[in-house]
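# output the structure for:
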Amino acid sequence: MSGGEYDMQGLDALLATLNALPEQMGKNALERAGKRALQPFLVAVKDIAPTDAPSETPDRPAFAYRDSFIISTKLNERQSKLIRRAGKNYAEVYAGTNDPVGTWLEFGFIHRRGESLSWVPPQPHVSVAWNVTAGDVLGECAIALADELDGALTRSVRRS
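Numbers count the residues shown, from 1 in each chain. This is a model prediction of the structure:
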């Protein structure tokens, strides 16, 4: 992980609560907590994502790239293929964009127009947003996990 190491304590109690829940209920609680925890990252990345003036991109809606950032438990087909090779985890939550322009803008690219080539410099925004919000995201993750697992355990006991 870029930006340093983070020390999280108290996860043993959360893990014990998670193991006491039915599998699907625990997975849903983890996904809800992950979506809630990633909100500060999403706000930050949308604030600093590069945008084009509507006149510069007539064939593309203004701010389409900025507005393409989402938090989801699903990936598109290309991303799913890459993850499938790595193996499936219990619960996964993703934040980012499906727009292929994202990688180009983050790391820069060479633009070919006819016979001429021009270098478009990197405009880092996703990595910057993560570095700025990583501590907040991880702190909110611990709080959201505790809230969600407590609520799920309460629902589970009520159903029994």
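# now do the helices in this structure.
11-20, 23-37, 39-48, 64-67, 77-86, 101-107, 126-159 (DSSP state H).
# give me whichever of these is most buried.
helix 23-37 (a mean of 19; mean count of other CB atoms under 10 Å). Glycine gets a C-beta too; all of them are placed from N, C-alpha and C.
# now it - C-alpha only, CSV.
The C-alpha trace of helix 23-37 is given here as CSV (Å, rounded to 0.1, in the frame of the first residue of the first chain):
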residue,chain,number,x,y,z
GLU,A,23,-22.4,-16.3,5.9
GLN,A,24,-24.5,-14.1,3.6
MET,A,25,-25.5,-11.7,6.4
GLY,A,26,-21.8,-11.2,7.3
LYS,A,27,-20.8,-10.7,3.7
ASN,A,28,-23.6,-8.1,3.2
ALA,A,29,-22.5,-6.3,6.4
LEU,A,30,-18.9,-6.2,5.2
GLU,A,31,-19.9,-4.8,1.8
ARG,A,32,-22.1,-2.1,3.3
ALA,A,33,-19.2,-1.1,5.7
GLY,A,34,-16.8,-1.0,2.7
LYS,A,35,-19.1,1.2,0.7
ARG,A,36,-19.6,3.6,3.6
ALA,A,37,-15.8,3.7,4.4
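# which outside residues touch it?
18-19, 21, 71, 73, 90-93, 137-138, 140-141, 144-145, 147-149, 151-152, 155-156 (CB atoms under 8 Å, 6 or more residues apart in numbering).
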